[in-house]
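**Q** Below: sequence and its predicted model.
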Number of protein chains: 4
Amino acid sequence: MVAPENVLAQAYAQVRQASLALAAPLSAEDCCVQSMADASPVKWHLAHTTWFFETFVLEAFEPGFVPFHPAFRELFNSYYHGVGSRHPRAQRGLITRPGLTQVLDYRAQVDARLQALLAGPCAPRLHALVELGLQHEQQHQELMLTDIKHLLSCNPLLPAYACGAQRSAEASAGMRWLPLVAGLREIGHAGAGFAFDNELPRHRVYLCACALASRPVSNAEYQAFVEAGGYARSAHWLAEGWDWLQAQGRTAPLYWQRRPQGGWAEFSLYGLQDLQSAQPVVHLSYYEADAYARWAGARLPTEAEWECAAVQWAWAPEAGVQRLHPRAGSEDSMGAGEVWEWTQSSYAPYPGFRPAEGAVGEYNGKFMVNQYVLRGGSCASPSGHLRPSYRNFFPAGACWQFAGLRLARDA
Amino acid sequence: MVAPENVLAQAYAQVRQASLALAAPLSAEDCCVQSMADASPVKWHLAHTTWFFETFVLEAFEPGFVPFHPAFRELFNSYYHGVGSRHPRAQRGLITRPGLTQVLDYRAQVDARLQALLAGPCAPRLHALVELGLQHEQQHQELMLTDIKHLLSCNPLLPAYACGAQRSAEASAGMRWLPLVAGLREIGHAGAGFAFDNELPRHRVYLCACALASRPVSNAEYQAFVEAGGYARSAHWLAEGWDWLQAQGRTAPLYWQRRPQGGWAEFSLYGLQDLQSAQPVVHLSYYEADAYARWAGARLPTEAEWECAAVQWAWAPEAGVQRLHPRAGSEDSMGAGEVWEWTQSSYAPYPGFRPAEGAVGEYNGKFMVNQYVLRGGSCASPSGHLRPSYRNFFPAGACWQFAGLRLARDA
Amino acid sequence: MVAPENVLAQAYAQVRQASLALAAPLSAEDCCVQSMADASPVKWHLAHTTWFFETFVLEAFEPGFVPFHPAFRELFNSYYHGVGSRHPRAQRGLITRPGLTQVLDYRAQVDARLQALLAGPCAPRLHALVELGLQHEQQHQELMLTDIKHLLSCNPLLPAYACGAQRSAEASAGMRWLPLVAGLREIGHAGAGFAFDNELPRHRVYLCACALASRPVSNAEYQAFVEAGGYARSAHWLAEGWDWLQAQGRTAPLYWQRRPQGGWAEFSLYGLQDLQSAQPVVHLSYYEADAYARWAGARLPTEAEWECAAVQWAWAPEAGVQRLHPRAGSEDSMGAGEVWEWTQSSYAPYPGFRPAEGAVGEYNGKFMVNQYVLRGGSCASPSGHLRPSYRNFFPAGACWQFAGLRLARDA
Amino acid sequence: MVAPENVLAQAYAQVRQASLALAAPLSAEDCCVQSMADASPVKWHLAHTTWFFETFVLEAFEPGFVPFHPAFRELFNSYYHGVGSRHPRAQRGLITRPGLTQVLDYRAQVDARLQALLAGPCAPRLHALVELGLQHEQQHQELMLTDIKHLLSCNPLLPAYACGAQRSAEASAGMRWLPLVAGLREIGHAGAGFAFDNELPRHRVYLCACALASRPVSNAEYQAFVEAGGYARSAHWLAEGWDWLQAQGRTAPLYWQRRPQGGWAEFSLYGLQDLQSAQPVVHLSYYEADAYARWAGARLPTEAEWECAAVQWAWAPEAGVQRLHPRAGSEDSMGAGEVWEWTQSSYAPYPGFRPAEGAVGEYNGKFMVNQYVLRGGSCASPSGHLRPSYRNFFPAGACWQFAGLRLARDA
């Protein structure tokens, strides 16, 4: 049997290596630029995840701690007021120095020091912080893909991150309604594995009878909405959603392009490719997801409904590596986490919620306003990172994430 | 026994008259100007509430209907896409013509035609729409006060809407924690009286054990937060709340002014007056309410908790007329609706929610995103307008309403 | 012979009365509202011109001076830093109190005190300041018309300020080129009459040979530009003008409307009326004037060229009252000041320029950047206010003034 | 004697090489990022100057022309509407691909093709366009330095572009007033050498008697203005300048920092260094230059005054290479072009101005509004690029250029 420290050290090595693998196809220029305030440069992700280990682990546990570079404490802090001041978020792309090479040196040095620490006796607090740091890095691994996708989409040359677009079957799997009976349930994380503080405490909820679709909405289904004038009629939209639509001037999802010769293309990490009918629609805002559901005579599920359905109907994310584009499902149960699914639940604390102690307590709780919960996970979520109680969250207008929707309806 | 039609006709006359009474202390200039996009001119309120009756009642039920003025259909439409296009919200204050006198003529003519209609047989649909129109006008009566208050506050002369500020006792009533035991409950409107579609359907919820304060937070308590540096330390605030605070440059609630000689004054509809310690704090945003609660080691209640507590602990709004400023309570139960109370619940549809048929279906449902529910009612709410299931809602940054907070805590 | 003081007192009475006459057709509501930051409410004009006399004349010369209202010093200060702080320009429309009646009282009281002062011996400095105040008020009289016109244009009912639109002949007067030979000239104010400091000192300039059109560009001529796609082709426009056009989304001059049935209408102080071909085009920005000139193979004149031509070719403003719309000219010389004429000259100090002493020195000099000089005067300029050396100035994007253009070309 | 083609080919090689030398100290990341909409990435400068030769020379003169990359025509077009559409200016920094290496390939290929073209017979039009392209590239060489300086200044690490800050003498050279007598003069380019279209035609102007300072204002002099409260008193400023100052929140020139221990530092291409008293003050906006002059009891010169003084008092730019920071002068005549000098002249066409034919006619003329002329040249101007008739121009708020001022006064 492997000692827990060794398991942790192996996990550390594996997760840290995975970030480097994501950056491997990119040039130093690709890694440096920030395409909008919501997104960050890949280099910043590489540095910030390292900063997390340096600040919350090495600084607390390494004897005789000396920072790699005194200015990095501020430069690569994301939002932890408890740690001091921060470089402004919208200016992350202006940091051409340190260059990518120096950031890779930073990673290598911090990795060596972390591994030295993990080779010794591992206090529970140390273990917990390293585990949190790894989960944190996995979250940034998904953001690295969504952020670089957005950046490449701003380039008129529409360059691809990787080769080899995938083709799907013409037709989606059929859709069934999976019923949930009314009654008392429990949601929230249970058991011994890792969970974020926002998944706790496990608590009771009452569910009204309802049903959830057996798979997310497909491109073909969403295209029918677009072509039926869905983006031109206010009746389908939340008032704020309609205003958002007008302000954006959008007439289709973020990465869709109408082909001059007819039909649709979609920008992906493989470059521009034909829209694949059977694949789940992706890169929707909450407003778009809600409008589609209304048009389809349905609604978005609540996060409690989603979690109960996921448990009952054996939702399970596919094991394996991060993938670059959602695949069409053939499943007839809950599917396998190809796209994040918007729920109608705003991001709020569970009854009895307690943020973690110290600066890491800023991780989740302070964002619990004007954001909506997404459930499930996506093709771009690292393997092993997800579970049914996982709560992702974004503002209603965010559409650069791999987000789609699953319909729900009252029974 | 009075025939139901007569009851309705009397209610109609009373409610319509109350709007005029609110405008009585104001000049035509006061009634015309718009101080910000969120607020509307009093003249617009007077016209729009009339438009509601003309469009949804007279146009549907009056034989040989002819509009008072063909342009008013668009000019005084607030947000009903189903009725056609609308004058832009932020430009409501530019309509100097029709003048106040012509708008009063408009009211008088529509009133006469409505009363003629109500003197005849009254179909249920007609009855329901008139009742909705009266509830709608009562909502605007509260907005007339909050909007004129904001306008007057923008004038460096700080003119008063009315004479005679009120003084309160030095000390607030003591505060007790009113416990709620865990268990299944029902919330939402029950019974035969009027309710908005957003209060329906009544449905089950599960409540975790908790307790609510017996009264809202007072000025004295909130002042302690301000003077302890509450507006200067990010740790108390939601991330978005802290950004809001910086952007606003606010260091105290909206209408508070630090006196040069020390102490605080508060702008009210009576003009600038000394801050009254025992009165409930008012004109808070959601961000401020949340920050205070966090600082006080408590939290905001959910709307389900609030409604269950209101029923159990005999919350009841005071009968009488609209008042211009919240009063200090001496109550030791739930109090009497002096200020709207922010809850931590985002404004969302109840399970099984169905919007009303037709254009009036736009009344509530399309605003169910990025708003937070307020419960209770305020001094400025018209008498008879409130009930425990009533759901008010505003964006988190809104602070020109009579909104305060009541603390809650987990048991 | 009338004593100079009596002349001044009579002029004072006449000019002050003229402002009241301009406000006479307006309601208190019309007078209170501000339609954009560049424009001011009529009530503000009435108060600010009074403030000018109170602050610069009464305060300096009246024994035992007591202000009419202590807050007015700040409330009705436009931009004189030397006098203290000011109410923000963009919030002038929020001042519903003092109401119009109280402002008229303010005028009456200040007028009485001024007349009392003028009945006594009149020091040169007093005389000069009263004269400046009258010229200042005349400038505001033109602004009262342009500002109320803009406000009424924002009302979808398009109400008229006055009855009785005027019709012009179908065809414009023919256009001739009036030659100017090269050589040394003098420009700037000469003689004993009043002039603003920006018209001084008179100084030499060298003029290259050129020619100016004998009348401003007409609506028919400008319409040809519009219908030839002038607003759709960047080649005609300054780069900044093209950006301005895109940002405004403008496809014709400010107050033009394409009739659904074909042809054009123009909003005027008489309400919406058919575009009159022979009238000068009006309400152009500098960008539009420049683009038209380029399209027409000509250019805008410099202010020196304009002034020399005006002197040589007997330009003279028509005596009489302010008029509400420019008339078609039958002149074959320089015309008679129906529209302000954009020149290509940026607003800059003349060689040897000295601002007036004291706070009134802020009158002109501090605006000498990023503004362009307009020459001539318009139908809306008060009679007796103009002269060939008069320099009006506005930013290049301003188009709510009665501004058109006259073509020039190199010889 | 060298054939003219060979002279041109040598000049071509020299100028093109100089651009590469400027980029040599920079990483690919440094070259890719755009720090504000006004500035461009170094990589974009390298590509755009190449695009100029490819589009205006190769496309017109090379038989069988094939573009290096079809998308570059749009991607690296700056503002030439005549050439087609353009990539948005503010998004130049999002182009991570082509990378720096590919842009260097682009340069190399275009250079080889240009040299092949220049090896043959050289038509006058070809010669003129290549010469224009070289002058254009020299202008961009100065922008490369100002733009990279701005980018580095946004990095909290304040990295240096180059090593080896220079020290100046403690005291500036004394300042004398160089008189200009009144009279008719000529300005504008004369003779056979290259000049931009905006320097033509040479024409007469009348100059009033005045005097210009013998050298630009020094850091020590400007520091006296700052420390006398110059940035806190509106009386010194143009109204628009004061508003600009408040909006920027600036209390000293762009790159100045007050040392915690007292004294001033200045960010330069050598990194942060002590402010050198004797060096000319640099990186001023027009507003700042104007305010200083007013405070000092002087004014800015007109461009005609500047040019006449430069000719009379033997202004001459120093031959040699571009330098990274202005040096203190010991001259007692007009100096040697260490900083661009703001004039009070707005950028306007000379009498008889004709833009060049074709798309290159967009080079200058369409910017002649709301910009002010700078004269002289700076340390960062390439050697051989300047002459007394040279007209540089920027908006009044631009301060990232090497711009200072020279005082003038009326005689």
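**A** It's in. What you see is a predicted model, and the numbers here were worked out from it, not measured in a lab. Residues are numbered from 1 along each chain as shown, chains lettered A, B, ... in the order given.
**Q** What residue in chain A comes nearest to chain B?
**A** Closest residue of chain A to chain B, Cβ to the nearest Cβ: A:Ser346 (3.5 Å). All C-beta spots, glycine's among them, are computed from the backbone N, C-alpha and C.
**Q** partners of that residue in the sheet?
**A** A:Tyr372 (DSSP bridges).
**Q** Quick check: it vs C:Ala39, distance?
**A** Per Cβ to Cβ, to the nearest Å, A:Ser346 is found 42 Å from C:Ala39.
**Q** so who does the residue of chain A closest to chain B touch?
**A** Residues counted as contacts of A:Ser346 (Cβ atoms under 8 Å, 6 or more residues apart in numbering or on different chains) are A:Asn370, A:Gln371, A:Tyr372, A:Val373, B:Ser346, B:Ala348.
**Q** and A:Tyr222, helix, strand or coil?
**A** Using DSSP: H, G, I helix; E, B strand; the rest coil, the structure places A:Tyr222 in helix.
**Q** So which bits of chain A are right by chain D?
**A** Taking Cβ under 8 Å from any Cβ of the partner chain, the part of chain A that reaches chain D is made up of A:27-33, A:35, A:71, A:74-75, A:87, A:91, A:93-100, A:151-152, A:154-157, A:159.
**Q** go with 7 Å
**A** Residues of chain A lying near chain D by Cβ under 7 Å from any Cβ of the partner chain: A:27-30, A:32-33, A:35, A:71, A:74-75, A:87, A:91, A:93-97, A:99-100, A:151, A:154-157, A:159.
**Q** so of these, which ones are in helices?
**A** A:Ala28, A:Glu29, A:Asp30, A:Cys32, A:Glu74, A:Leu75, A:Leu100, A:Leu151 (DSSP state H).
**Q** Show the model's pLDDT score for the closest residue to the fifth one other than its chain neighbours.
**A** Distances taken as Cβ to Cβ, 6 or more residues apart in numbering or on different chains place A:Ser85 nearest to A:Glu74, at 5.7 Å, with adjacent residues excluded. With respect to pLDDT, A:Ser85 scores 86.
**Q** cool, and A:Glu357?
**A** At A:Glu357, the predicted lDDT confidence score is 82.
**Q** Show the contacting residues for it.
**A** Listed by Cβ atoms under 7 Å, 6 or more residues apart in numbering or on different chains, A:Glu357 has no contact partners.
**Q** before we move on, what about A:Ala9?
**A** A:Gln115, A:Leu118.
**Q** Phi and psi next, for it.
**A** The phi/psi pair for A:Ala9 (degrees, to the nearest 10) reads phi -60, psi -40.
**Q** ok, back up a step: buried by neighbour count, from the residues of chain A next to chain D: which ones?
**A** A:27-30, A:32-33, A:35, A:75, A:87, A:93-96, A:99-100, A:151, A:154-155, A:159 (16 or more other Cβ atoms under 10 Å in any protein chain shown).
**Q** and the stretch 151-300 of chain A, which residues reach chain B?
**A** Proximity of the stretch 151-300 of chain A to chain B, by Cβ under 7 Å from any Cβ, involves residues A:Leu184, A:His203, A:Arg204, A:Val205, A:Tyr206, A:Cys208, A:Ser234, A:Ala235, A:Leu238, A:Ala239, A:Glu240, A:Gly241.
**Q** Give me the PyMOL select line for those, limited to the buried ones.
**A** Buried residues within these, by 16+ other Cβ under 10 Å, are selected in PyMOL with:
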select buried, chain A and resi 203+204+205+206+208+234+238+239+240+241
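**Q** Out of the residues of the stretch 151-300 of chain A next to chain B, which is nearest to B:Ala396?
**A** For these, the minimum distance to B:Ala396 (Cβ to Cβ) is 12.9 Å, reached by A:Glu240.
**Q** my read: the closest one touches B:Met368, true?
**A** No. Taking Cβ atoms under 7 Å as the definition, A:Glu240 is not a contact partner of B:Met368, at 9.4 Å.
**Q** Quick check, central residue of chain A?
**A** Central residue of chain A (Cα atoms, centre = their mean): A:Glu142, 5.6 Å from the mean position.
**Q** quick one: low-confidence parts of the stretch 201-350 of chain A?
**A** A:330-332 (pLDDT under 70).
**Q** hey, where'd the strands end up in it?
**A** Secondary structure of the stretch 201-350 of chain A (DSSP state E, counting those that start in this stretch): strands located at A:203-207, A:210-213, A:256-258, A:264-268, A:271-274, A:340-346.
**Q** ditto for the stretch 51-200 of chain A
**A** Shown for the stretch 51-200 of chain A, the strands assigned by DSSP E, counting those that start in this stretch span residues A:177-180, A:183-187.
**Q** Including mean pLDDT, could these go into TSV?
**A** Below are the strands of the stretch 51-200 of chain A laid out as TSV (pLDDT from 0 to 100):
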stretch	mean pLDDT
strand A:177-180	96
strand A:183-187	98
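**Q** Single out the most deeply packed of those.
**A** For those, the largest average neighbour count (mean count of other Cβ atoms under 10 Å in any protein chain shown) is found in strand A:177-180, namely a mean of 18.
**Q** for that one, packing partners?
**A** Applying 3 or more Cβ pairs under 7 Å, 6 or more residues apart in numbering or on different chains; DSSP states H and E, one finds that strand A:177-180 contacts strand A:210-213, helix A:303-312.
**Q** between those, which gets nearest to B:His189?
**A** Closest to B:His189 of the helices and strands packed on strand A:177-180 is strand A:210-213 (Cβ to Cβ; 21.2 Å).
**Q** Paired strands for the closest one, with orientation please.
**A** According to DSSP bridges, strand A:210-213 has the following sheet partners: strand A:177-180 (antiparallel), strand A:408-410 (antiparallel).
**Q** which residue does the stretch 301-411 of chain A bring closest to chain C?
**A** Using Cβ to the nearest Cβ, the point where the stretch 301-411 of chain A gets nearest to chain C is A:Gly397, with a distance of 23.1 Å.
**Q** And the pLDDT for that residue?
**A** For A:Gly397, the pLDDT comes out at 98.
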